[in-house]
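Q: based on what follows, work out the 3D shape:
(4 chains)
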Number of protein chains: 2
Amino acid sequence: MTTLTIGKVAKAAGLGVETVRFYERQGLIAEPARSESGYRQYRPETIRRLQFIVRAKALGFTLQEIGDLLDLRATPGAGCADVQARAEAKIADIEERIAQLDAMKRALGELVVQCRGEGPLSDCPILDALDEEEP
Amino acid sequence: MTTLTIGKVAKAAGLGVETVRFYERQGLIAEPARSESGYRQYRPETIRRLQFIVRAKALGFTLQEIGDLLDLRATPGAGCADVQARAEAKIADIEERIAQLDAMKRALGELVVQCRGEGPLSDCPILDALDEEEP
DNA sequence: CTTGACTCTGTAGTGTACTACAGGGTTTAG
DNA sequence: CTAAACCCTGTAGTACACTACAGAGTCAAG
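A: So this is what the prediction gives:
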């Protein structure tokens, strides 16, 4: 049976070896078998699991949430609806962050158009706005 | 001349006393005068400076950037254009973060609609997508 | 005058996700 | 056979913005 060293699985998943060990400490991947000299011996499936983690991260899930997702997959009786609910919650989460950023962007945009980009700081509408009392 | 204790300025700015001390360590506010017993004695203007920090934070500036903005304000020869440039850079920054979140949201949204929310995990299109090789 | 609320310094911990050593041992390519 | 490239553990550092003590002193109200 073929086994892989940590360097191989890390490279295959596009991660560093330190990151793979970190994921192990976080419980995202199981502790693998060891060689006589203590080297970690991974089964090829571990690469898929690492890639799952990488892709879920790209979709905005935290490591904690990815762990939950992975645990869910191993839970008998868990259904598609559970996964869907998590995905929907994450979408809501992302939407909230977008709304927050959008509000910042609009507020800043308003200040920027008020500022002609000329003159001394004493006349700067941006600094003035930051200095002003709440309305 | 009236001076204020750290508790007063903190409350007035909507911050905790620990946070005000932290801002002092970060160089965002000057080290104030001290009473005989070593208590910090703030001038009322400090409240405005703290509020400036709070508002700039709400607009998405980091403490580092707020420090720069505050330093800029004290720089002779600095102009409105300098502040405007920073605001515009921050807008670009925010837009980038929004685009990133939006891509996540769309990718997740596509997966969610593919998932009927029924059946076992083995048939879940969301988990399948996470498991799949790159296209 | 006492009690409770405040203040001080200095250090360390929180959360998130790594990243970087130091100081060893092991494996592999040439 | 040797030198480079890899692996091990354990600890500590990064960035960001706080937050939380411990252990001590001070101030204000009743």
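
Q: how near is A:L63 to DNA strand C?
A: Counting by CB to the nearest atom of the strand, to the nearest Å, the gap between A:L63 and DNA strand C amounts to 3 Å. Quick note: C-beta positions are derived from backbone N, CA and C, even for glycine.

Q: count of neighbours near the residue nearest to that residue when sequence neighbours are not counted?
A: Distances taken as CB to CB, 6 or more residues apart in numbering or on different chains put A:Q26 closest to A:L63, at 5.9 Å, once the chain neighbours are dropped. Using other CB atoms under 10 Å in any protein chain shown, the number of residues around A:Q26 comes to 13.

Q: which SSE is the closest residue to A:D131 other than its chain neighbours in?
A: Using CB to CB, 6+ apart and skipping the chain neighbours, the partner closest in space to A:D131 is B:F52 (6.0 Å). Using DSSP states H and E, B:F52 sits within helix B:45-58.

Q: buried ones in that helix?
A: By neighbour count on 16 or more other CB atoms under 10 Å in any protein chain shown, the buried set for helix B:45-58 is B:46-53, B:55-56.

Q: the residue lying farthest from the centre of chain A: what's it in contact with?
A: Ranked by distance from the centre of chain A (CA atoms, centre = their mean), the top residue is A:G119, with 43.0 Å. Shown in contact with A:G119 (CB atoms under 8 Å, 6 or more residues apart in numbering or on different chains): B:79-80.

Q: pLDDT score for it?
A: The model reports A:G119 with a pLDDT of 78.

Q: pull the longest helix from chain A.
A: helix A:80-114 (DSSP state H).

Q: just checking, what packs against that helix?
A: Counting contacts by 3 or more CB pairs under 8 Å, 6 or more residues apart in numbering or on different chains; DSSP states H and E, helix A:80-114 is packed against helix A:63-73, helix A:125-131, helix B:80-114, helix B:125-131.

Q: sorry, back to before: how far off helix B:63-73 does the helix holding B:F52 point, in degrees?
A: Angle of helix B:45-58 versus helix B:63-73, following axes from the mean of the first three to the mean of the last three CA atoms, to 10 degrees, is 130 degrees.

Q: pLDDT of the longest helix of chain A, averaged?
A: Mean pLDDT, computed over helix A:80-114, is 93.

Q: over to stretch A:31-45?
A: Stretch A:31-45 comes out at a mean pLDDT of 96.

Q: so does it get close to DNA strand D?
A: Yes. Under the criterion of CB under 7 Å from any atom of the strand, DNA strand D is reached by stretch A:31-45 at A:38-40.
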